[in-house]
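Novice: what would the 3D arrangement of this be:
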Amino acid sequence: MVDRFILEELRRAPAHGHAISTALARRGLHVARSSVHSALRRLERDGVVDGKWQDGRRRRVYRLTRAGDEALRLRRLEVRSLARR
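Specialist: Alright, predicted model coming up:
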């Protein structure tokens, strides 16, 4: 479930883990930063996000890949399908 919210945030704009944690908290989802970073590493390994080190900083900025955009689309369809039942 956290993965879907992370993908939603990255669909808006590329971001680093702390920014994603903050955005999730604003939505009322208080997720430990370590959980967000673990999810980002897993999502990157799965090819749905791509991470690049930001110049001059020790932050990894993530963006949604095409595969990630498709994964998010499918997850949205699943939620809609469950809501109709």
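
Novice: any idea which element residue 22 lies in?
Specialist: Taking DSSP states H and E as the criterion, residue 22 maps to helix 17-26.

Novice: for that helix, give the mean pLDDT please.
Specialist: Across helix 17-26, pLDDT averages out at 96.

Novice: output the contacting helices and strands for the very next helix or strand once past it.
Specialist: Using DSSP H and E, the helix or strand that follows helix 17-26 in sequence is helix 33-45. For helix 33-45, the elements it packs on are helix 2-12, helix 17-26, strand 49-53, strand 60-64, judged by 3 or more C-beta pairs under 8 Å, 6 or more residues apart in numbering; DSSP states H and E. For every residue, glycine as well, the C-beta is placed using N, CA and C.

Novice: enumerate the positions of the helix holding residue 22 that are buried.
Specialist: 17, 19-21, 23-24 (16 or more other C-beta atoms under 10 Å).

Novice: give me the angle between it and strand 49-53.
Specialist: 130 degrees (axes from the mean of the first three to the mean of the last three C-alpha atoms, to 10 degrees).
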